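Asks: Sequence first, predicted model second:
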Amino acid sequence: MKEIDPSTASPSQVRRFIRDGKWKSHTSGLANGYVQCNLVILPEPEANDFLKFCQLNPKSCPIIAMSSEVGSPYIDVGADEPADIRSDIPEYNIFVGGELQSQVSDINDYWRDDLVIFLLGCSFSFEEALLADGIEIRNITQNVNVPMYNTNIANVKAGELAGNLVVSMRPMLAKDAIRAVQICSRFPSVHGAPVHLGDPSLIGISDINKPDYGDAVEIKQDELPVFWACGVTPQNVIRQAKVDFCITHSPGCMLVTDIKNSTLSVF
C-alpha cells in the first residue's frame, strides 16, 4: 500500500495503516473530524452486566455502538465496510481474572465466538470542537497521549461491576475552561462537560505530574487543570470485579470510525 500521512488520512486509511502495522502509537489528532472510540470486549454473560453499567454511568461509558451479532469481530463504524475489531486498533489490553496479562497489536489469537463488542465515546471527539473555538489542547500541541488519572469518584454499581471514575485532563486558562464547559455540554455521547476543574486532590489525585495512564503535559502558572470522564474507566471496573476475560484498547489507542464528530452534537 502507498505510504500515507495518518494525520491527514481518511478514517478507513487510518484503520488500514494500523492493520498493516504502520501505526503503533496513540491516535489523538488522527483523521480530524471523525469519532474515535474506546473499546471493551466481554463474553456474553458479563456483557449483559456491562451494558447495564453503561446505562447507569453514561458520562464515563457512553455507548456509540455494540455488536449486532455475538461472536462477530466486525462492527459498523459508518463506512462502506465494517471495521475488523481484531486488528484495527494500535494496541489492545488483555485482562484475565481482572489482571492485565498482556498488551498486543492484534487480538486474532484471543478471539472467541461468545464475545460482544462495545464501542464507547472518546474525549478525542470534543477536542475538535475546542480547537475550532481557539482553545489549545496541550496534549496535541506537545504531540503526546492525553494524561489520565484514577479518582475517588465512585461509579454506580451494576451487579458485580463497580469502581471509581478515570478522568482525562487538559490544562486551560479560566476563561477557556468556562467555554469548554459550554462547548462540551453539547456532546454527551463523548463524555459531555467536565466533571471537575481545579484542585486535583479534591478528586483523589495526589500528583498531577504523574498520570496513571498517558503522558504528563505542561501546566502553566495561570492555568487550571480541567478533568473529563474517561473511557478508561471500564478498565478499573474490570480489575475490581476480577472479570474472567476481557479485551480493551490500550489507553489512548482508539478505534477511528467514519462517524463525523459533528453528528454527535445535541444542538
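Replies: Received it, and whenever you're ready, just let me know what you need. Numbers count the residues shown, from 1 in each chain.
Asks: Quick check: which helices or strands does the lowest-mean-pLDDT helix or strand in the chain pack against?
Replies: Sorting the helices and strands of the chain by mean pLDDT, DSSP states H and E puts helix 124-132 at the bottom, at a mean of 87. On a contact count with 3 or more Cβ pairs under 8 Å, 6 or more residues apart in numbering; DSSP states H and E, helix 124-132 meets strand 34-43, helix 174-184. For the C-beta atoms, the positions are set from N, CA and C on the backbone; glycine is no exception.
Asks: Tell me the buried residues in that helix?
Replies: Phe124, Ser125, Phe126, Glu127, Glu128, Ala129, Leu130 (16 or more other Cβ atoms under 10 Å).
Asks: Which secondary structure state is assigned to Lys22?
Replies: Classification of Lys22 using DSSP: H, G, I helix; E, B strand; the rest coil returns coil.
Asks: cool, and the one 3 residues further on?
Replies: Three-state call for Ser25 (three-state DSSP): coil.
Asks: quick one: contacts for the closest residue to it other than its chain neighbours?
Replies: Once flanking residues are discounted, Ser25 sits nearest to Pro90: 6.3 Å by Cβ to Cβ, 6 or more residues apart in numbering. Listed by Cβ atoms under 8 Å, 6 or more residues apart in numbering, the contact partners of Pro90 are Ile18, Trp23, Lys24, Ser25, His26, Thr27, Ser105, Ser250, Cys253.
Asks: On the three-state scheme, Pro90 is what?
Replies: In three-state terms, and counting by three-state DSSP, Pro90 is coil.
Asks: coming back round to it: please convert the helices and strands packed on helix 124-132 to TSV, extending it with mean neighbour count and distance to Pro62.
Replies: Formatted as TSV, the helices and strands packed on helix 124-132 follow (neighbours: other Cβ atoms under 10 Å; distance: least, Cβ to Cβ, whole Å):
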stretch	mean neighbour count	distance to Pro62
strand 34-43	26	9
helix 174-184	16	12
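Asks: Output the below-cut-off pLDDT ranges for the protein.
Replies: When residues are selected by pLDDT under 70, those of the chain lie in 1-4, 6-7, 267.
Asks: rerun at 80
Replies: For the chain, residues meeting the criterion pLDDT under 80 lie at 1-7, 29, 265-267.
Asks: ok, which stretches of the stretch 51-200 of the chain are strands?
Replies: Using DSSP state E, counting those that start in this stretch, the strands assigned to the stretch 51-200 of the chain run over residues 63-66, 74-75, 83-84, 92-96, 99-104, 115-121, 148-154, 164-172, 196-197.
Asks: Give me the helices and strands touching the third one, please.
Replies: Contact partners of strand 83-84 among helices and strands, from 3+ Cβ pairs under 8 Å, 6+ apart: strand 74-75.
Asks: List the strands paired with the strand it packs on, with their directions.
Replies: Within its sheet, strand 74-75 is paired with strand 83-84 (antiparallel), according to DSSP bridges.
Asks: can you list contacts of the partner strand?
Replies: Contacts of strand 83-84 (Cβ under 8 Å, 6+ apart): Arg15, Arg19, Pro73, Tyr74, Ile75, Val77, Leu255, Thr257.
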